[in-house]
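> Okay, sequence plus prediction incoming.
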Amino acid sequence: MRCAVNSRERFLLKGLIQLANARLKTAQGKYNAAQKILLQSQEVIEEAFRGRPQADSGTIMGVKQYDLLELNQNYAL
């Protein structure tokens, strides 16, 4: 909540929370809800990394975009 509005950090944290929520929905057997949340998560994570300078295009707060998107794909049903 302390992240600046529309900041990369805020998008990143929102995407991580959505990934956790999707995992919870999967564990609960709510596969349609999980799939919907995963799609939203992917969009938010991509927004966090959009327009990054070439030097650090894949990392925010020590988190790599590739790792998050791979995790997102692993949760996909």
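Arrived safely, thanks for sending.

> which stretches of the chain have low pLDDT?
Low-confidence segments of the chain (pLDDT under 70): 1, 51-57, 72, 75-77.

> Quick check: Leu68 touching Lys14?
No. Counting by Cβ atoms under 8 Å, Lys14 is not a contact partner of Leu68; they are 11.8 Å apart. To be clear about C-beta, it is placed using only N, CA and C from the backbone, and glycine gets the same treatment.

> And the two? Which one has more around it.
Neighbours per residue (other Cβ atoms under 10 Å) separate Leu68 from Lys14, with Leu68 holding more: 23 against 17.

> Run through the neighbouring helices and strands of the strand or helix carrying the more buried one.
Using DSSP states H and E, Leu68 falls within helix 65-75. Counting contacts by 3 or more Cβ pairs under 8 Å, 6 or more residues apart in numbering; DSSP states H and E, helix 65-75 packs against helix 8-27, helix 31-49.

> got a markdown table for those, with distance to Gly58 too?
Formatted as a markdown table, the helices and strands packed on helix 65-75 follow (distance: least, Cβ to Cβ, whole Å):
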| stretch | distance to Gly58 |
| --- | --- |
| helix 8-27 | 12 |
| helix 31-49 | 7 |
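
> how much space between the residue nearest to the spatial centre of the chain and Leu71?
In the chain, the centroid-proximal residue (Cα atoms, centre = their mean) is Gly15; its distance is 3.0 Å. Distance of Gly15 to Leu71, given as Cβ to Cβ, to the nearest Å: 10 Å.

> do Glu46 as well
Taking Cβ to Cβ, one finds Glu46 at 14 Å from Leu71.

> mind listing what Glu9 touches?
Contacts for Glu9 (Cβ atoms under 8 Å, 6 or more residues apart in numbering) come out as 3, 48, 60-61.

> repeat that with 7 Å
3, 60-61 (Cβ atoms under 7 Å, 6 or more residues apart in numbering).

> Filter the residues you listed down to the buried ones, ChimeraX style.
In ChimeraX syntax, the buried subset of those is picked out as below (16 or more other Cβ atoms under 10 Å):
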select :60
